[in-house]
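here is the input, now give the coordinates:
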Amino acid sequence: MGSIRPRQWCAPTGWRSLALVSSWGITMRVAAILIGIALVAVGLWVALGNAHYHDTNNAQFGSVQVQVATEQSVPARIGYAGIVLGGVLIIAGTLATVTARESGTIEEKNLPLAIGLNILLPGLGYMYMGKWIVGILACLLVLGIYTGTGLLYILPTWIGLNAIMGIDMFILASKNKKRIAEATTMKCPNCAETIQREAKICRYCHTKLASP
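Reported below is the predicted structural model:
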């Protein structure tokens, strides 16, 4: 009986896709840090009372109606919101960059941590999971409601968003596990059983595998 020749191994499509995702992730992290710095700077400028706008009101003096232009300061809470959002983007972008450099590979995300971050500030969990655009939009939504209405609608918005995002976190965590499996395992070319990509010999059929 002849010996089984080693099967040629080639890089899977999943790995090439992960390389593209990694490149996109770097771009998003850098953009988040730069946008965060800009938001903090503008937020400080507004919070210190340097931002103004002109408001025109109609005044009635007997039968004469005149327009009175007054200079108003932009509400300080808008500046505070910008500082908070900018700080979040800077911290999240920096931590994500450090983590990516240390690991160098795709890693499994902690689901309870993602949900906890969203509870702390809606959108942080998405940034942790790598969904930067969704995370930024969620932060902007909450801060937009805060700057427009104060604390009146924050609590119901917070609860509603976290209920929706909690379900989405489960879906994202499941997809992330699938990506990890695709990146770290493969099917044996002889018996089609799932084995580790670093394997030299299939543990099921004992076929010798060519090195990557």
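
show me what contacts the residue nearest the centre of the chain?
The centroid of the chain falls nearest to Met127 when counting by CA atoms, centre = their mean (2.2 Å). Contacts for Met127 (CB atoms under 8 Å, 6 or more residues apart in numbering) come out as 32, 92, 96, 117, 135-136. Backbone N, C-alpha and C define where each C-beta goes, glycine included.

where is pLDDT lowest across those?
Taking these together, the minimum pLDDT is found at Ala96 (68).

which residue ranges of this protein form strands?
Counting by DSSP state E, the chain has strands at residues 52-61, 64-73, 185-187, 194-196.

and the third one, average pLDDT?
When the per-residue pLDDT values of strand 185-187 are averaged, the result is 85.

okay, now the unreliable bits of the chain?
1-25, 59-64, 66, 68, 96-108, 150-151, 211-212 (pLDDT under 70).

next one: the residue nearest to the centre of the chain from Ile180, what distance?
Remark: distance between Met127 and Ile180 (CB to CB, to the nearest Å) = 19 Å.

what's the most buried one of the strands of the chain?
strand 185-187 (a mean of 15; mean count of other CB atoms under 10 Å).

which residue ranges of this protein form helices?
Using DSSP state H, the helices of the chain run over 13-47, 76-103, 111-120, 124-128, 132-149, 154-184.

nearest to Arg203, of those?
Shortest distance between Arg203 and the helices of the chain, using CB to CB, is found for helix 154-184: 15.1 Å.

what residues of the closest one count as buried?
157-158, 161-162, 165, 168-169, 172-173, 176, 179-180, 182-183 (16 or more other CB atoms under 10 Å).

same question, stretch 131-141
Neighbour-count burial for stretch 131-141 [16+ other CB under 10 Å]: 131-132, 134-136, 138-139.
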